[in-house]
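Student: after the sequence you'll find the predicted model.
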Number of protein chains: 2
Amino acid sequence: MNIEKIIKTEIELPLPKKVVINLLYTENWIMDKINIELKAFDISLQQFNVLRILKGQKDKPANLSTIQERMVTKMSNTTRLVDKLINKNYVKRAICESNRRKVEITITEEGKKFLDKVNPIMDEFENRVTSNFSTEDLILLNELLNKLRNSNSQIT
Amino acid sequence: MNIEKIIKTEIELPLPKKVVINLLYTENWIMDKINIELKAFDISLQQFNVLRILKGQKDKPANLSTIQERMVTKMSNTTRLVDKLINKNYVKRAICESNRRKVEITITEEGKKFLDKVNPIMDEFENRVTSNFSTEDLILLNELLNKLRNSNSQIT
DNA sequence: AACATACATTTGTATAGACAAATATTGTAG
DNA sequence: CTACAATATTTGTCTATACAAATGTATGTT
């Protein structure tokens, strides 16, 4: 279904508006699907992403600022996000000895096990959601999204 | 900047995962920019969209369910969203006489004036954010996003 | 050492959103 | 006409997010 049909407007929208709306709509559509996948595991995509970042650290602890800069969608309150992961026993927090302002966050064994369980589900989801796309389509969409952001990096 | 650099991972991600992350990241990036534009007008994108929907009704009132189905990103609480627009005197609410369960929401003159002020800003933003895109790029991105959603309409 | 400044995180608060339950109204089957 | 289901919206509650201010720690200057 095209965007005009979705938002039920009779007038033909200008292309730039159509693309912006389509991007917002499609992201929302895909987020809904992701949330359905993750719901069974009682975790949000944000929390899941933090676990992935920590796993990527390979047992080297990460501080809050590291986590924040690596998150796909930045959020304002990483402290409380980590709190929730601590409550679930997926991560642990310690004060950094060399710089006591910093905090060191590490994934636990339970967190790793959890990730190993959820990761294949997400991989399978990503394959499924893009299953009608050819490799060329995937590359093209990826490049177009990059181009959209990059051509704007200097503009405010 | 490509996605691997953005999330600072050393490993090359599989294409489907890359596309999904890129989509989420780019939407977030564009939403940040939209919020900056709208902040000066003290309105959220959701509220702005409702006003546009009501204007599109051409003085014919809309009920809550109509608004909800036309919104780009569905939200669970249209009542309270409309409450906020009422507080700003941009819309008014009345009980539908033919079916008293329904509610009729209409844009006010003040709401129309406000829209006329903000619409050009958003149009200009949409043009600016896509300024390095050719018409072909715009059409292509639009079609790829449609294809992504459509090929999945039957899958759960 | 005393002070200001910068840094990293946490906390407070106000607003937004998800979801379920409650309310009110209408339509319909017996 | 009554009971029951369906519809449309509202309300309550809990969680998430944005943003500012506060806290605690480190660094550089005089």
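Tutor: Looks like it came in fine. The model shown is predicted, which means the values in this text are computed figures rather than measured ones.

Student: where in chain A is pLDDT low?
Tutor: Within chain A, the stretches with pLDDT under 70 are A:151-156.

Student: next, the buried residues of the helix or strand harbouring residue A:67.
Tutor: Assigned by DSSP states H and E, residue A:67 falls within helix A:64-70. Applying a neighbour-count criterion of 16 or more other CB atoms under 10 Å in any protein chain shown, the buried positions in helix A:64-70 are A:64, A:66, A:67, A:68, A:70. In short, each C-beta sits where N, CA and C put it, glycine included.

Student: in JSON lines: the residues you listed, plus distance to chain B.
Tutor: Output for the buried residues of helix A:64-70, formatted as JSON lines (distance: CB to the nearest CB, whole Å):
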{"residue": "A:64", "distance to chain B": "15"}
{"residue": "A:66", "distance to chain B": "9"}
{"residue": "A:67", "distance to chain B": "11"}
{"residue": "A:68", "distance to chain B": "12"}
{"residue": "A:70", "distance to chain B": "5"}
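
Student: which of those sits closest to residue B:51?
Tutor: Distance to residue B:51, by CB to CB, is smallest for residue A:68 among those, at 33.9 Å.

Student: residues contacting the closest residue to the closest one other than its chain neighbours?
Tutor: Distance criterion CB to CB, 6 or more residues apart in numbering or on different chains; nearest residue to residue A:68, sequence neighbours excluded, is residue A:78 at 5.1 Å. Residues near residue A:78 by CB atoms under 8 Å, 6 or more residues apart in numbering or on different chains: A:50, A:64, A:67, A:68, A:71.

Student: same question for residue A:139.
Tutor: For residue A:139, the contact set (CB under 8 Å, 6+ apart) comprises residue B:15.

Student: which phi and psi does residue A:15 have?
Tutor: phi -50, psi -50 (degrees, to the nearest 10).

Student: which residue packs closest to it, ignoring adjacent ones?
Tutor: Nearest one to residue A:15, counting by CB to CB, 6+ apart, is residue B:138 at 4.3 Å.

Student: which SSE is residue A:94 in?
Tutor: strand A:91-95.

Student: that strand and DNA strand C, any residue contact?
Tutor: Yes. Applying CB under 7 Å from any atom of the strand, one finds strand A:91-95 touching DNA strand C at residue A:93.
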